[in-house]
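A.B. asks: Structure, please.
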Amino acid sequence: MKTVHEVVSVTPERGDAGRSVNRFGSAAAAVLVLLCGLTLLLGFINKDRCTGPAFDQWGRTQPDYDERNKQDVCYSDIQHLWIGRDIDRHVFPYVDGNINDKGILIGGSVEYPVLSGLLIWAGAIFAHTDAEYLLYSSLLMAPFGLLTGYLLGKLARWRALLWAIGPPLVLYAFHNWDLPVVLCSVAAVFVVHRWNRPLVERAVVASVLLGLGFAFKVYPAAFVLPLMLFVATGGWRGQEMPAGKKADVAGAVKVGLASIITVVLVNLPFAIAGYDGWAASFEFQSLRRVDITTNSVWYWGLRPFIGDDAMQSLVGVISPITILLSFGIAAGYGWMRFRREGSYPWIAVSGAMLCGFMLLHKVHSPQYTLWLVPFLVLLRVRLVWSFAYFVVDLAMGIGIFRWFWAIEFGQPAGIYDSFSAQAVMIGVWGRAALLVALFVVFLKARDVTEDDQEDLKFIRGAVAAKA
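C.D. replies: Residues are numbered from 1 along each chain as shown. Predicted structure coming up:
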């Protein structure tokens, strides 16, 4: 009688324990990565339009940088922050930094967690102008985008084209330092559902990756909770539950601790070397005001009805509360699905959590779309949701900078006078509506890894038939 492993060994499109299915070969992966590389190149060319041809004594693009980056819709935080965070002075981040009484970061502190801070510093090592800084930073981050495309291809096959050739990668790949954190999230899913190791071992490694994601841009830490529940319930339909147990509480605790320890170990050297500079990044975010640059639903929804000071105080309380509430709803619905289906849908719950965070956080920067795209790939939702989100995101990603240009340089900017203002409203409320819808759609969706488990079911049936 043949075992499952013996059947697997002669069935190349089936996977060992449902975790190493390879239905996306090397040639297909190479094509996907090539397409992703071309899209990243287009993204760089789009941002590079804002650089040069001349530079001032600080290495800032001339002429008319402040007007061009908005009018031509080629603005990048990377290029812009060359001046103002001591990046141009090659100051190592955080160690000698602080935040002054006006809320301005000084001495090398930046408003991002420490691993992003290291990337920001590393991209500037050989740079002398904002153009060189954009180039070197793009070269530094491009591999993260390519590897994300590769892993998504291995997980979801050609559905990964949503990432590889989608408009968000052109608009935002080099808008900010977001490609590494996206890779952390995708790699965590890949490890859990592709490595041939025991569930707890896979989940611990994935939790470490999510902890590293926190040290880039915070949000992946939210995914640790659904991952813990996935482990506690024994994985897919409880098939990896330790013998004699009804819940793997110890395994779930190990997963949670792995992420916490990772976050502590990454942050501790910076906190010891320069506590004030390290803490300044968190203080900056807590002090950040809800204004026209944040483009959250809170600004546009509350500003017409209450004064600015009251709005700032209210959002500072209600935003984190509602985010946590959305997390609780997502996790709770996931538990209902577990009771009904036998598997805790940790990817679906993570995607819904991200929707809640993006919708309810006081800041909604355009590049956050990069965070969402992998879940549009990994969850089997209708493609129309992806296309609809891309359309409203284009309205925001293009309209916001044209609108800022109109406001700053005396052009018609009213809602009845400016298409860019109308595009911003489409972007703000279109994104909000779609995030609410996707919160629900994600929670009900199957993920692409469930196909692997159906493959395993087929294998077991074949083994039984040959027995």
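A.B. asks: all strands for the chain, in order.
C.D. replies: Applying DSSP state E to the chain gives strands spanning 54-55, 61-62, 98-99, 105-106.
A.B. asks: Dump the ones you listed to JSON lines, plus distance to residue 237, mean pLDDT and mean neighbour count.
C.D. replies: To be clear about C-beta, it is placed using only N, CA and C from the backbone, and glycine gets the same treatment. Compiled in JSON lines, these are given as follows (distance: least, CB to CB, whole Å; pLDDT from 0 to 100; neighbours: other CB atoms under 10 Å):
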{"stretch": "strand 54-55", "distance to residue 237": "60", "mean pLDDT": "96", "mean neighbour count": "13"}
{"stretch": "strand 61-62", "distance to residue 237": "57", "mean pLDDT": "96", "mean neighbour count": "17"}
{"stretch": "strand 98-99", "distance to residue 237": "50", "mean pLDDT": "93", "mean neighbour count": "20"}
{"stretch": "strand 105-106", "distance to residue 237": "49", "mean pLDDT": "92", "mean neighbour count": "19"}
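A.B. asks: Number of residues surrounding residue 111?
C.D. replies: Residue 111: 17 surrounding residues under other CB atoms under 10 Å.
A.B. asks: Please list all residues in contact with it.
C.D. replies: Going by CB atoms under 8 Å, 6 or more residues apart in numbering, residue 111 touches 105, 281, 284, 285, 288.
A.B. asks: Same check on residue 149?
C.D. replies: So residue 149 contacts 32, 33, 35, 36, 160, 163, 164 (CB under 8 Å, 6+ apart).
A.B. asks: out of these, which are inside helices?
C.D. replies: 32, 33, 35, 36, 163, 164 (DSSP state H).
A.B. asks: Can you tell me the closest non-neighbouring residue to the first one?
C.D. replies: With CB to CB, 6 or more residues apart in numbering as the criterion, residue 32 has its nearest non-adjacent residue at 4.4 Å, and that residue is residue 153.
A.B. asks: Could you report the neighbour count for the one you found?
C.D. replies: 26.
A.B. asks: Also the one 4 residues further on?
C.D. replies: Per other CB under 10 Å, the neighbour tally for residue 157 reads 17.
A.B. asks: do the same with the one 10 residues further on
C.D. replies: Residue crowding around residue 167 was assessed by other CB under 10 Å; the count is 18.
A.B. asks: Could you measure from it over to residue 73?
C.D. replies: 13 Å (CB to CB, to the nearest Å).
A.B. asks: do residue 29 as well
C.D. replies: Distance, residue 29 to residue 73, using CB to CB: 33 Å.
A.B. asks: Residue 358 versus residue 319, what's the distance?
C.D. replies: 12 Å.
A.B. asks: now do residue 229
C.D. replies: When residue 229 is compared with residue 358 (using CB to CB), they lie 22 Å apart.
A.B. asks: got it, and residue 249?
C.D. replies: 31 Å.
A.B. asks: Look at these two and report which has more neighbours.
C.D. replies: Neighbour count, other CB under 10 Å: between residue 249 and residue 358, residue 358 has more, with 23 against 12.
A.B. asks: Now do the contacts for the nearest residue in space to residue 333 that is not next to it in sequence.
C.D. replies: Distances taken as CB to CB, 6+ apart place residue 443 nearest to residue 333, at 4.9 Å, with adjacent residues excluded. When contacts are counted by CB under 8 Å, 6+ apart, residue 443 touches 330, 333, 334, 337, 345, 348, 349, 352.
A.B. asks: pLDDT score for residue 443?
C.D. replies: For residue 443, the pLDDT comes out at 98.
A.B. asks: what's the distance between it and residue 346?
C.D. replies: Separation of residue 443 from residue 346 (CB to CB) stands at 12 Å.
A.B. asks: What of residue 219?
C.D. replies: 15 Å.
A.B. asks: now do residue 100
C.D. replies: Separation of residue 100 from residue 346 (CB to CB): 42 Å.
A.B. asks: higher neighbour count, those two?
C.D. replies: Relative neighbour count places residue 346 above the other of residue 100 and residue 346, with 29 against 10, counting by other CB under 10 Å.
A.B. asks: what residue ranges in this structure are flagged as low confidence?
C.D. replies: The chain contains residues with pLDDT under 70 at 1-22, 451-467.
A.B. asks: Could you pick out the longest helix of it?
C.D. replies: Max-length helix for the chain by DSSP H is helix 308-341.
A.B. asks: Quick one: distance of that helix to the chain centre.
C.D. replies: 18 Å (CA atoms, centre = their mean, to the nearest Å).
A.B. asks: Determine the set of other helices and strands touching it.
C.D. replies: Packing contacts for helix 308-341, counted by 3 or more CB pairs under 8 Å, 6 or more residues apart in numbering; DSSP states H and E, involve helix 224-232, helix 297-302, helix 346-360, helix 419-444.
A.B. asks: What are the buried residues along stretch 276-290?
C.D. replies: By 16 or more other CB atoms under 10 Å, the buried positions in stretch 276-290 come out as 276, 277, 278, 279, 280, 281, 283, 284, 288, 290.
A.B. asks: Kindly report the same for stretch 322-337.
C.D. replies: For stretch 322-337, using 16+ other CB under 10 Å, the buried residues are 322, 323, 326, 327, 329, 330, 331, 333, 334, 335, 337.
A.B. asks: Reformat those as a markdown table; add distance to residue 202.
C.D. replies: Output for these, formatted as a markdown table (distance: CB to CB, whole Å):
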| residue | distance to residue 202 |
| --- | --- |
| 322 | 33 |
| 323 | 28 |
| 326 | 27 |
| 327 | 23 |
| 329 | 27 |
| 330 | 22 |
| 331 | 21 |
| 333 | 24 |
| 334 | 19 |
| 335 | 21 |
| 337 | 21 |
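A.B. asks: Between the residues you listed, which sits nearest residue 87?
C.D. replies: Nearest to residue 87 among those is residue 323, at 30.3 Å by CB to CB.
A.B. asks: That's all I had, so thanks and see you.
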